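Visitor: I would like to see how this sequence folds:
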Amino acid sequence: MAEMDTSSGGGHKKGPGVKKGKKLSTRVDLTPMVDLGFLLITFFVFTTTMSQSTAMNMNEPKDEKDKEMKVKNSGAMTILLGKANQVYYYYGQLDPNTVSEQFKSTTFKEIRKLILEKKNGTPIDDLMFIIKSDKNSTFKNAIDILDEMTISAIPPGHYAEVDMTPVEEMLIQQTETANGIK
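Guide: Purely as a prediction, here's the structure:
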């Protein structure tokens, strides 16, 4: 508790020969305040609820070779993730004669527009996005592209993550080398 020491001795006489009493300072005992602080901290720690972890639901393909899903070339878009936040894409299958026209580069800022254009221009039964990550791409990029699928309202089952082919790895490497990406 707060304590005040006001013992100044006798009455209030003025004049010559009267001794002045010592003025003692006020002293506040803060021990109960520390106890109260710890009680409040303990109360709030025990009564708060911890934040719930959020996870994205993802339908992963099953490894059943006999039930592979056939995708039309007109409805497929392959998205390749490279290093330094680079995104590459092409529609349908790569044709060796027109690779330079098919294989294109973009950024994460532009990819949402391309996804929405493909979604709006393709019947939903034919729509398929194939996501492939390069060995030099980051986990953040893979999560970002999955977030783009969710934001663009692409239904589950219409996008899948698969392994990159050696031809695609070579194309990414050549493009990054030509553009000076290290």
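Visitor: Pop out the phi and psi values for residue 78.
Guide: With angles defined as degrees, to the nearest 10, residue 78 sits at phi -100, psi 130.
Visitor: Okay, and the spatially closest residue to it that is not a sequence neighbour sits in which element?
Guide: Of all residues not flanking residue 78 in the chain, residue 130 sits nearest, at 4.5 Å (CB to CB, 6 or more residues apart in numbering). Bear in mind the C-beta positions are built from the backbone N, C-alpha and C, glycine included. Element membership of residue 130, judged by DSSP states H and E, is strand 128-133.
Visitor: Now do that strand, average pLDDT.
Guide: Averaged across strand 128-133, pLDDT comes to 90.
Visitor: Same check on stretch 144-156?
Guide: For stretch 144-156, the per-residue pLDDT averages 89.
Visitor: Also stretch 53-61?
Guide: Mean pLDDT, computed over stretch 53-61, is 64.
Visitor: change the start of the numbering to 16 and stick with it
Guide: With the count now opening at 16, the last piece we talked about shows up as stretch 68-76.
Visitor: Return the distance of the top helix by length along the chain from the chain's centre.
Guide: Looking across the chain with DSSP state H, the single longest helix is helix 46-62. Distance of helix 46-62 from the chain centroid (CA atoms, centre = their mean, to the nearest Å) equals 34 Å.
Visitor: for stretch 57-74, same thing?
Guide: 17 Å.
Visitor: which of the residues in that stretch are buried?
Guide: Within stretch 57-74, no residue is scored as buried using 16 or more other CB atoms under 10 Å.
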